[in-house]
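1. Sequence and predicted structure, then a few things I'm wondering about:
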Amino acid sequence: MTGVRTVLAMRTREGCEQRFEAEWLSAAEQIRMLDGCLRQDLVRDAEDPRSYLIISDWADRERLDAFGRSEQRDRLLRVVRELRESAQRHTYQVLHVLRSEPEESR
């Protein structure tokens, strides 16, 4: 498999967790329709309910970077950025994906 995966670690401001999740979901619904966006996940730390990972898969770096520079991105994620206390992003090249077999074939 080729493609890129971004992992964005975010910590929300205290008391903003539910609104953060709702705002992310609203933005993600629109982002998923963009050319090159393959998947998006929002996961929360099991030990720290203010810490999240936003994981997104893109077909290639060019389309990810184009979205990253777009006014659309700024508009869609403005409120999400306002609700966070900190953020750190990393981008990875996807080399291999191995999926588990469905239960019925085991």
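-> Okay, I see it.
2. helices and strands of this protein: which one bottoms out on pLDDT?
-> helix 71-83 (a mean of 91; mean pLDDT, DSSP states H and E).
3. Counting by contacts, list what that one packs against.
-> Judged by 3 or more Cβ pairs under 8 Å, 6 or more residues apart in numbering; DSSP states H and E, the packing partners of helix 71-83 are helix 17-31. No exception for glycine: its C-beta is placed from N, CA and C like everyone else's.
4. what packs against the next helix or strand along the chain from the helix it packs on?
-> Proceeding N to C from helix 17-31, the next assigned helix or strand is strand 37-44, under DSSP states H and E. If you count contacts as 3+ Cβ pairs under 8 Å, 6+ apart, strand 37-44 packs onto helix 17-31, strand 51-58.
5. Give me the below-cutoff pLDDT ranges for the chain.
-> Within the chain, the ranges that satisfy pLDDT under 70 run 1-2, 105-106.
6. at 80 instead, please
-> Along the chain, the parts satisfying pLDDT under 80 run over 1-2, 102-106.
7. one step back: name the surrounding residues that touch the least confident helix or strand of the chain.
-> Identification of contacts with helix 71-83 by Cβ atoms under 8 Å, 6 or more residues apart in numbering yields 12-13, 16, 19-20, 23-24, 27, 30-31, 67, 87.
8. Adding distance to Gln40 and neighbour count, write the residues you listed out as a markdown table.
-> Formatted as a markdown table, those follow (distance: Cβ to Cβ, whole Å; neighbours: other Cβ atoms under 10 Å):
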| residue | distance to Gln40 | neighbour count |
| --- | --- | --- |
| Thr12 | 17 | 21 |
| Arg13 | 22 | 14 |
| Cys16 | 20 | 16 |
| Arg19 | 18 | 15 |
| Phe20 | 15 | 23 |
| Glu23 | 14 | 19 |
| Trp24 | 9 | 21 |
| Ala27 | 9 | 20 |
| Gln30 | 11 | 12 |
| Ile31 | 7 | 17 |
| Phe67 | 12 | 18 |
| Ala87 | 16 | 13 |
